[in-house]
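Undergrad: One predicted model, sequence on top.
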Amino acid sequence: MMKSLSGKMLLAAGLIFAAMSSLTLNAAGSSGSMKKVHHVLLISVDGLHAVDLDVYIKAHPDSTLAMLAQAGTIYSNAQCSLPSDSFPGMVALVTGGSPNSTGIWYDHTYNRYLLPPGSTKAKHGEPGTDLAYDESIDLGYNEGKWGQKGIDPLANCGAEAIDPALLPVDPKTFKPVYPHNYILVNTVFEVARAAGLRTAWCDKHAAYDILNGPSGKGIQDLYTPEIDSPVPGKGGDDYTKDVADTVTFDMMKVQAIVNELNGLDHTGKKKVGVPSILGMNFQAVSVGQKVVKGGYADAAGTPTGELVTGLDSVDKGLGMIVAALKDRKLSDDTTLIITSKHGQSPIDPEQIKWVDDANLVPFLASHGITAYTASNDTCAFLWLKDPSQASAAADALKSATPVYPVWDKAAKKNLFEKDQTAATWGTIESIEFGASAYKDPSGTGRFPDLIVKVSHGSVFGKPWKKIAEHGGFTDDDSHVALLVSGAGVKTGVDPSSVETAQVAPTILKLLGLNPSKLQAVVAEKTEILPGIF
């Protein structure tokens with residue numbers, strides 16, 4: 001991609017580098033030799049595909065993203081964790097592992113071992129419970145009373161903003177299972193803290209307490225404003241309904257990062273020192289890909305409407321962060337890693353079709369099979385009451401005609417015209433058995449019995465509610481951007497096939513720490529990213 005940049009583009013980028021004291025920052029050069037850095041800044045631009053980064057840089061040669069790309073390595077063939085959900089995607093970035101070692105499959109699942117919320121030693125039923133680590137466990141969520149007990153949902157700080165009464169219960173201890181209790185391996189934050197380094201992170205739900213790792217103490221400054229809390233004056237709408245509101249939400253986290261780069265905590269009120277590992281996620285691109293007034297104009301990934309707004313806001317936020325690095329004279333000692341927890345599907349607007357998954361459980365029930373369903377976004381996951389019925393359930397689904405009613409637009413109709421006249425039936429691409437596709441490291445029935453993959457472009461939900469989603473296994477779901485820029489990094493495009501799980505050991509290596517301190521790295525033999533060292 002970078003070879004295709006015009007001379008004008010390179011000149012413009014060069015001027016930006018000079019003006020901002022450049023982030024070539026002790027670049028490693030062609031040999032890849034490097035010095036240890038003292039700060040790694042990890043950024044997840046949720047939904048950002050490799051093609052999004054390519055298209056944006058070519059269209060904006062004077063952008064912060066273009067400058068960072070010119071000063072670093074773009075991995076053009078990077079894949080996120082599968083399935084491509086926010087939870088396994090983010091967990092992979094900081095553990096170096098897939099669900100096979102982390103035990104983290106999705107943010108909304110079913111667990112055969114744990115007890116439902118509210119269970120006690122004196123009063124409980126059989127093991128097995130729906131498990132949601134999202135906004136639904138926040139204090140005040142169930143009553144719609146955000147901010148109860150003095151908790152401001154925009155000032156959340158991880159576990160302290162979680163209502164223990166809404167958490168599943170461990171049948172051995174009868175204690176609530178917080179997200180950090182649920183992950184099976186340690187994180188880069190825990191390794192850094194053990195080495196005496198400071199850590200910080202910003203994300204969208206209090207449930208990102210999971211990144212603290214099993215110790216519950218990996219992140220010293222965890223800031224988790226709730227993206228699904230109501231926007232003031234918007235009649236109850238949350239920050240995902242309008243990209244302009246999502247941008248406001250993202251900028252709160254950008255300001256937190258700037259405060260931390262200034263040696264303060266995320267509030268900007270307490271002097272604590274600059275973290276060695278810090279970072280955040282941007283949501284505006286993901287929302288811009290989903291809303292009807294956004295998305296793409298074509299299969300080549302040309303952004304439209306609110307997606308353009310989202311991409312521009314991310315570049316602006318990154319510019320603020322780069323400026324803060326310069327102001328604090330941290331540029332020569334910081335490496336930035338920009339990637340994504342997940343992609344978004346479909347990119348091609350001609351491929352969108354909506355799948356009504358309401359028939360799944362009733363259909364299986366009509367065949368004498370009791371199923372529990374969890375998150376169905378671009379793929380369907382099913383837990384069965386009797387796992388031995390998995391083969392029979394798969395056969396029933398494959399033979400059903402139809403299985404999924406799909407709403408698709410008529411040929412050559414405007415994507416944004418709400419036409420539901422072209423009713424067709426979706427197709428099942430494949431059905432996999434969870435027990436063979438993934439090895440549950442917990443042995444407690446965390447992973448689904450059936451993984452139902454449907455035709456590309458299928459989005460579970462009501463027509464025209466969303467025009468894209470993530471959570472499956474397609475290229476659009478998983479082919480994400482990955483850019484490493486700054487201190488200790490050589491420049492260019494690396495076409496190697498890499499996984500975002502390789503970010504975790506790379507972070508430790510950059511900081512002079514031992515990647516083998518990460519349990520998932522050892523278990524899965526995860527390598528550092530190629531070409532940096």
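TA: Thanks, I have the structure now. What you see is a predicted model, and the numbers here were worked out from it, not measured in a lab.
Undergrad: the domain parsing of the protein - what is it?
TA: 1-105+185-346+467-533, 353-465 (automatic domain parsing).
Undergrad: For the shortest one, what is the distance to the chain centroid?
TA: For domain 353-465, the gap between its own C-alpha mean and the chain's C-alpha mean amounts to 22 Å (Cα atoms, centre = their mean, to the nearest Å).
Undergrad: start to end distance for it?
TA: Start to finish, the residues bounding domain 353-465 are 11 Å apart (Cα to Cα, to the nearest Å).
Undergrad: what bridges to residue 278?
TA: With DSSP bridges as the criterion, residue 278 is bridged to residue 41.
Undergrad: Spit out the contact partners of it.
TA: 39, 40, 41, 42, 199, 200, 201, 221, 257, 260, 261 (Cβ atoms under 8 Å, 6 or more residues apart in numbering). All C-beta atoms are positioned from the backbone trio N, CA, C, and that covers glycine.
Undergrad: Am I right that the fifth one is in contact with residue 213?
TA: No. When contacts are counted by Cβ atoms under 8 Å, residue 199 is not listed as touching residue 213 (10.4 Å).
Undergrad: Mutual contacts of those two, please.
TA: residue 189.
Undergrad: How about the secondary structure of the closest residue in space to residue 438 that isn't next to it in sequence?
TA: Nearest residue to residue 438 in three dimensions, chain neighbours excluded: residue 447, at 5.0 Å (Cβ to Cβ, 6 or more residues apart in numbering). Following DSSP: H, G, I helix; E, B strand; the rest coil, residue 447 is assigned to coil.
Undergrad: and residue 447, what is it in contact with?
TA: Here residue 447 is in contact with 99, 105, 434, 435, 438, 440 (criterion: Cβ under 8 Å, 6+ apart).
Undergrad: from what I can see the third one touches residue 451, true?
TA: Yes. At 5.9 Å, residue 434 and residue 451 qualify as touching, with contact defined as Cβ under 8 Å.
Undergrad: which residues are common contacts for the two?
TA: With Cβ under 8 Å, 6+ apart as the test, residue 434 and residue 451 both reach residue 381.
Undergrad: before we move on, back to that, out of the contacts of residue 447, who's nearest residue 388?
TA: Minimum distance to residue 388 across those is 10.6 Å, recorded for residue 435 (Cβ to Cβ).
Undergrad: quick one: contacts for the closest one?
TA: 387, 390, 447, 449 are the contacts of residue 435 under Cβ under 8 Å, 6+ apart.
Undergrad: Distance-wise, check it relative to residue 158.
TA: From residue 435 over to residue 158 the distance is 33 Å, taken as Cβ to Cβ, to the nearest Å.
Undergrad: quick one: the lengthiest helix in the chain to chain centroid distance?
TA: With secondary structure taken from DSSP state H, the chain has its longest helix at helix 305-327. Here the centre of helix 305-327 is set off from its chain's centre by 18 Å, with Cα atoms, centre = their mean.
Undergrad: Show me what the following helix or strand past that helix is in contact with.
TA: Scanning forward in sequence from helix 305-327 by DSSP states H and E, the next helix or strand is strand 334-339. For strand 334-339, contacts defined as Cβ under 8 Å, 6+ apart pick out 23, 25, 37-45, 48, 65, 68, 72, 78, 80, 93, 279, 318, 325, 480-489, 500, 503, 506-507, 510.
Undergrad: quick one: average pLDDT of the next helix-or-strand element following strand 334-339?
TA: Next helix or strand after strand 334-339 toward the C-terminus (DSSP H and E): strand 353-355. Mean per-residue pLDDT for strand 353-355: 84.
Undergrad: ditto for stretch 243-254
TA: Mean pLDDT, stretch 243-254: 98.
Undergrad: and if you look at stretch 442-453?
TA: Mean pLDDT, computed over stretch 442-453, is 91.
Undergrad: same check, this time on stretch 277-294
TA: 97.
Undergrad: Distance across that stretch, terminal residue to terminal residue?
TA: End-to-end distance of stretch 277-294 (Cα to Cα): 33 Å.
Undergrad: what's the offset of it from the middle of its chain?
TA: Put simply, stretch 277-294 sits 10 Å off its chain's centre (Cα atoms, centre = their mean).
Undergrad: before we move on, back to that, out of the domains of the chain, which is the most enclosed?
TA: The highest mean neighbour count among these, using mean count of other Cβ atoms under 10 Å, belongs to domain 1-105+185-346+467-533: a mean of 21.
Undergrad: Residue 63 contacts residue 56, correct?
TA: Yes. Under the criterion of Cβ under 8 Å, residue 63 makes contact with residue 56 at 6.9 Å.
Undergrad: related to what we said a few turns ago, so which of the domains of the chain comes closest to residue 169?
TA: Within the domains of the chain, the stretch nearest residue 169 is domain 353-465; the backing value is 13.5 Å (Cβ to Cβ).
Undergrad: what sits in contact with each of residue 63 and residue 56?
TA: residue 315.
Undergrad: From residue 448, how far off is residue 371?
TA: Counting by Cβ to Cβ - residue 371 and residue 448 are separated by 10 Å.
Undergrad: what touches both of the two?
TA: Common neighbours of residue 371 and residue 448 (Cβ under 8 Å, 6+ apart) are 382, 383.
Undergrad: Can you redo the domains of the chain as a markdown table, where the extra columns are distance to residue 165?
TA: Output for the domains of the chain, formatted as a markdown table (distance: least, Cβ to Cβ, whole Å):
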| stretch | distance to residue 165 |
| --- | --- |
| domain 1-105+185-346+467-533 | 14 |
| domain 353-465 | 21 |
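Undergrad: Show the contacting residues for residue 442.
TA: Residue 442 touches 103, 113, 184, counting by Cβ under 8 Å, 6+ apart.
Undergrad: Who are the contact partners of the last one?
TA: In other words, residue 184. 101, 102, 103, 104, 214, 441, 442.
Undergrad: Which member of the residues you listed is positioned nearest residue 526?
TA: Of all the contacts of residue 184, residue 101 has the smallest distance to residue 526: 9.1 Å, by Cβ to Cβ.
Undergrad: what about stretch 36-51, start to end distance?
TA: With Cα to Cα, one end of stretch 36-51 sits 31 Å from the other.
Undergrad: on that earlier part again, can you tell me which of the contacts of residue 435 lies closest to residue 250?
TA: Using Cβ to Cβ, those come closest to residue 250 at residue 447, 32.2 Å.
Undergrad: where in this protein is pLDDT low?
TA: 1-35, 142-145, 147-150, 374, 401-426 (pLDDT under 70).
Undergrad: one more time with 80, if that's ok
TA: Scanning the chain with the threshold set as pLDDT under 80 gives 1-35, 140-151, 356-359, 373-375, 400-427, 487-488, 533.
Undergrad: Tell me which helix or strand the residue lying farthest from the centre of it sits in.
TA: Of all residues in the chain, residue 122 has its C-alpha farthest from the mean position, at 38.7 Å, by Cα atoms, centre = their mean. Assigned by DSSP H and E, residue 122 belongs to no helix or strand.
Undergrad: What of residue 81?
TA: Here residue 81 is assigned to no helix or strand, by DSSP H and E.
Undergrad: check which helix or strand covers the nearest residue to it once chain neighbours are set aside.
TA: What sits nearest to residue 81 in space, not counting adjacent residues and going by Cβ to Cβ, 6+ apart, is residue 92, at 3.8 Å. Here residue 92, judged by DSSP H and E, is contained in helix 86-95.
Undergrad: tell me what that helix is packed against?
TA: Contact here means 3 or more Cβ pairs under 8 Å, 6 or more residues apart in numbering; DSSP states H and E; on that basis helix 86-95 packs against strand 39-45, helix 99-102, helix 188-194, helix 503-510, helix 519-524.
Undergrad: can you put the ones you listed in TSV and add distance to residue 297?
TA: Listed next are those as TSV, based on distance: least, Cβ to Cβ, whole Å:
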stretch	distance to residue 297
strand 39-45	20
helix 99-102	35
helix 188-194	38
helix 503-510	31
helix 519-524	39
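Undergrad: Tell me which of these lies nearest to residue 245.
TA: strand 39-45 (17.5 Å).
Undergrad: Can you name the next helix or strand after the closest one?
TA: Assigned by DSSP H and E, the successor of strand 39-45 is helix 50-59.
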